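Undergrad: fold the following and give me the result.
(one chain, ligands or ions: 1)
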Amino acid sequence: MPKPVLMTVDDDPGVSRSVARDLRRRYGQDHRIVRAESGRDALDALRELVLRGEPVAAILADYRMPGMNGIEFLEQAMDIVPDARRALLTAYADTDAAIRAINVVDVDHYLLKPWDPPEEKLYPVIDALLDTWRTVGVRPVEQVRVIGHRWSAESFAARDFLARNSVPYRWYSCDEPEGARLLSAAGASPDQVPLLITPDGTTLVAPSDAQIATACGLTTDPTGEFYDLVVIGGGPAGLGSAVYGASEGLRTVLVERTATGGQAGQSSRIENYLGFPDGVSGAQLTDRARRQATKFGAELLTARDVVALEARGSARVVRFGDGSEIAAHAVVLATGVSYRSLDAPGIAELTGRGVYYGSAATEAPACAGKDVYIIGGANSAGQAAVFFSRHASTVTLLVRGPSLEASMSHYLIKQLDAIENVVVRTRTEVAEACGDGHLERLVLSDRETGEKRSVDADAMFVFIGAAPRTEWLDGVVARDARGFVRTGPDLVVDGKRPSGWPLERDPYHLESSVPGVFVAGDARAESVKRVASAVGEGAMAVTLVHRYLAEQ
Ligand SMILES: Cc1cc2nc3c(=O)[nH]c(=O)nc-3n(C[C@H](O)[C@H](O)[C@H](O)COP(=O)(O)OP(=O)(O)OC[C@H]3O[C@@H](n4cnc5c(N)ncnc54)[C@H](O)[C@@H]3O)c2cc1C
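TA: Model (predicted):
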């Protein structure tokens, strides 16, 4: 593997040279030090490094640079080298502005000029950046190649899976000469897409998520058979439980069906999570949480579906889709909710072919100059409209109700008002989706008059609420009529504990009808559907796990 790159960006040639000199002195033997004197030059250099397959470990950027300041540069650099750790170099006078902007680009550290002596001020910061990068940034796969068709639902699913798991990949359409060449070299035909090629040349034809995960170096198998705590679901609640469980000494494994981050990981910008006054993207929040959980020693398994839960004596046994099992003293169910599907003719056939559930960020570049429709009136739909307005020619938000006020936060309504290419259509629903192999048109229906009209549409993103997918827990834990898992005081009706409850105490606050099985986040009946509450419940569940374990 080529030496990892440490990049320094500063418009002042003197400062730039002296940072590079200090870095070379300490890190030169094992790293390549790359110097740039403007944000634009640095972005070009990063693109070239990526093409040449050279890993970028860390970037140290000056805040005050003409043309493109350090924050703007780092924001763009994140798209090119998402794993590289980031530090900002600021003068004392700029500290406030830098701190305000820090959350926008998820800067790991900021450093004050001058950084003398480097042993005290510069090297500890760079050491920390490199440590973090080594833990999470070095993947055995540098770049996976995905060959597929723009309108193949399976190709979309493979790209979405890679993107949500932060695995870098390069996309080739099988209509392009290079895509066609790769397909024929692998002996595959265009109707067998997607084809994945790993850097070591392994080819996977129409692979499952689990096959992609294994080939891309994601952890899919547990190291043990018995744990203190199994967390099911890797959204904010599950990650919260994994961080608190592992940091408090519990042997913890988290099992995630698709990609850590859950719904929050798909949010383009979460504005109301405490501590992030400028908002934070779901991907950044997830990346930080994942790093934090692994730092404390939690095992995170990806692309593993839990299909059954069973109490065997004091053990809580969790079965995977392939029939294998692990067991634990306690379980936290953090399986959240999944998008509800839109019921209209044409939708099912065109899903993944112009119709998408959730914000499907991988589709953003393909929406450039196109007409995009977003369905839904809640915050998630509002965020998506803001996000796609930066890419699409027009964004139309379709809302069934008479206004957004009842369902969307005031700050988002104000943001949408101010964006010129966003139109909100209330009292409107989709009656049909049409197209030959991919979405081309929508038939919209006015809910008041019943009048229908057909509009051209290139892409439609659906956000119409969500439902828990807890059918596999039927007959195991008590659930409400909508499938949310009931917990704590909710389970005690007229002073009676749930049937089969074996203990001489009531269920703890987040405990289900099976002792030692706790529930956190959106999957819990009567829960608040928020990132903060999911994380809080994840942490609280671990405290209750300790209380439960103390009784054993
Ligand atoms: C687009 C969007 C934007 C949002 N914006 C905001 C916002 O700005 N502020 C805010 O506070 N909230 C926001 N929310 C809501 C917030 O994201 C959720 O409340 C939060 O993610 C709930 O966390 P959770 O961990 O309970 O569940 P989820 O995030 O739903 O995660 C559950 C995880 O469990 C996995 N899973 C499910 N079943 C299984 C199984 N059987 N085996 C293995 N894994 C399984 C799923 O794949 C998923 O990753 C937004 C939601 C969306 C969709």
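Undergrad: tally of neighbours for the residue nearest to residue 288 when sequence neighbours are not counted?
TA: What sits nearest to residue 288 in space, not counting adjacent residues and going by C-beta to C-beta, 6 or more residues apart in numbering, is residue 106, at 7.2 Å. For glycine as for every other residue, the C-beta is placed from the backbone atoms N, C-alpha and C. Number of residues near residue 106 (other C-beta atoms under 10 Å) recorded here: 20.
Undergrad: check the one 10 residues further on too.
TA: Counted with other C-beta under 10 Å, the burial measure for residue 116 works out to 11 neighbours.
Undergrad: which residues touch it?
TA: Going by C-beta atoms under 8 Å, 6 or more residues apart in numbering, residue 116 touches no other residue.
Undergrad: just the strands in the stretch 51-200 of the chain please.
TA: Applying DSSP state E, counting those that start in this stretch to the stretch 51-200 of the chain gives strands spanning 56-62, 85-90, 109-112, 144-148, 169-173, 195-197.
Undergrad: got it, and the stretch 201-350 of the chain?
TA: Assigned strands in the stretch 201-350 of the chain, in chain order: 203-205, 226-232, 252-255, 299-301, 306-312, 315-320, 325-333, 338-339 (criterion: DSSP E, counting those that start in this stretch).
Undergrad: most packed of those?
TA: Of these, the one with the most neighbours on average (mean count of other C-beta atoms under 10 Å) is strand 252-255, at a mean of 28.
Undergrad: just the pLDDT at residue 421, thanks.
TA: Turning to residue 421, the model gives it a pLDDT of 96.
Undergrad: so how many other residues sit close to it?
TA: Around residue 421 there are 15 other residues, counting by other C-beta under 10 Å.
Undergrad: wait, it touches residue 389, no?
TA: Yes. At 5.4 Å, residue 421 counts as touching residue 389 under the criterion of C-beta atoms under 8 Å.
Undergrad: okay, and the common contacts of the two?
TA: With C-beta under 8 Å, 6+ apart, residue 421 and residue 389 have common neighbours residue 395.
Undergrad: got the buried residues for the biggest helix by length in the chain?
TA: Secondary structure of the chain read by DSSP state H shows that its longest helix is helix 531-551. Buried residues in helix 531-551, defined by neighbour count with 16 or more other C-beta atoms under 10 Å: 531, 533-542, 544-546, 548.
Undergrad: which of those lies closest to residue 480?
TA: The closest of the buried residues of helix 531-551 to residue 480 turns out to be residue 537 (C-beta to C-beta; 16.7 Å).
Undergrad: list the residues that contact the closest one.
TA: Contacts for residue 537 (C-beta under 8 Å, 6+ apart) come out as 237, 240, 510, 520-521, 524, 527.
Undergrad: turn these into JSON lines, columns for secondary structure, neighbour count and distance to the ligand.
TA: What follows is the contacts of residue 537, written out as JSON lines (DSSP: H, G, I helix; E, B strand; the rest coil; neighbours: other C-beta atoms under 10 Å; distance: C-beta to the nearest ligand atom, whole Å):
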{"residue": "237", "secondary structure": "helix", "neighbour count": "35", "distance to the ligand": "3"}
{"residue": "240", "secondary structure": "helix", "neighbour count": "29", "distance to the ligand": "8"}
{"residue": "510", "secondary structure": "coil", "neighbour count": "26", "distance to the ligand": "12"}
{"residue": "520", "secondary structure": "coil", "neighbour count": "34", "distance to the ligand": "7"}
{"residue": "521", "secondary structure": "helix", "neighbour count": "35", "distance to the ligand": "2"}
{"residue": "524", "secondary structure": "strand", "neighbour count": "29", "distance to the ligand": "8"}
{"residue": "527", "secondary structure": "coil", "neighbour count": "22", "distance to the ligand": "7"}
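Undergrad: and those, which is the shakiest by pLDDT?
TA: Within the contacts of residue 537, the minimum per-residue pLDDT falls on residue 527 (95).
Undergrad: right, and it touches residue 482 too?
TA: No. Using C-beta under 8 Å, residue 527 makes no contact with residue 482, being 12.0 Å away.
Undergrad: quick one: buried residues of stretch 47-56?
TA: Residues of stretch 47-56 classed as buried by neighbour count (16+ other C-beta under 10 Å): 49-50, 54-56.
Undergrad: rewinding a little: turn the strands of the stretch 201-350 of the chain into TSV, including distance to residue 215.
TA: Formatted as TSV, those follow (distance: least, C-beta to C-beta, whole Å):
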stretch	distance to residue 215
strand 203-205	6
strand 226-232	24
strand 252-255	20
strand 299-301	16
strand 306-312	22
strand 315-320	19
strand 325-333	23
strand 338-339	26
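Undergrad: what's the least confident stretch among the ones you listed?
TA: strand 338-339 (a mean of 90).
Undergrad: what are the contacting residues of it?
TA: Contacts for strand 338-339 (C-beta under 8 Å, 6+ apart): 357-358, 462-469.
Undergrad: close to the ligand, is that strand?
TA: No. Strand 338-339 is not in contact with the ligand by C-beta under 6 Å from any ligand atom; minimum separation 7.2 Å.
Undergrad: show me the contacts for the closest residue to residue 297 other than its chain neighbours.
TA: Of all residues not flanking residue 297 in the chain, residue 246 sits nearest, at 4.8 Å (C-beta to C-beta, 6+ apart). Contacts for residue 246 were tallied using C-beta under 8 Å, 6+ apart; they are 252, 293, 296-298.
Undergrad: can you tell me how far the residue nearest to residue 288 sits from the ligand?
TA: For residue 106, the distance to the ligand (C-beta to the nearest ligand atom, to the nearest Å) stands at 16 Å.
Undergrad: that residue contacts residue 284, correct?
TA: Yes. In this structure, residue 106 is within contact of residue 284 by C-beta under 8 Å, at 4.3 Å.
Undergrad: which parts of the stretch 301-450 of the chain sit against the ligand?
TA: Going by C-beta under 6 Å from any ligand atom, the residues of the stretch 301-450 of the chain near the ligand are 305-306, 334-337, 359, 379-380, 383.
Undergrad: give me phi/psi at the nearest residue to residue 430 once chain neighbours are set aside?
TA: Spatial nearest neighbour of residue 430, chain neighbours left out: residue 344 (5.2 Å); criterion: C-beta to C-beta, 6+ apart. The phi and psi torsions at residue 344 (degrees, to the nearest 10) take the values phi -150, psi 150.
Undergrad: now residue 408
TA: phi -120, psi 150.
Undergrad: list the contacts of it.
TA: Residues in contact with residue 408 (C-beta under 8 Å, 6+ apart) are 377-379, 381-382.
Undergrad: can you list these in a markdown table and add pLDDT?
TA: Formatted as a markdown table, the contacts of residue 408 follow (pLDDT from 0 to 100):
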| residue | pLDDT |
| --- | --- |
| 377 | 96 |
| 378 | 93 |
| 379 | 91 |
| 381 | 94 |
| 382 | 94 |
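Undergrad: make TSV from those residues and add neighbour count and secondary structure to it.
TA: Formatted as TSV, the contacts of residue 408 follow (neighbours: other C-beta atoms under 10 Å; DSSP: H, G, I helix; E, B strand; the rest coil):
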residue	neighbour count	secondary structure
377	25	coil
378	19	coil
379	22	helix
381	25	helix
382	26	helix
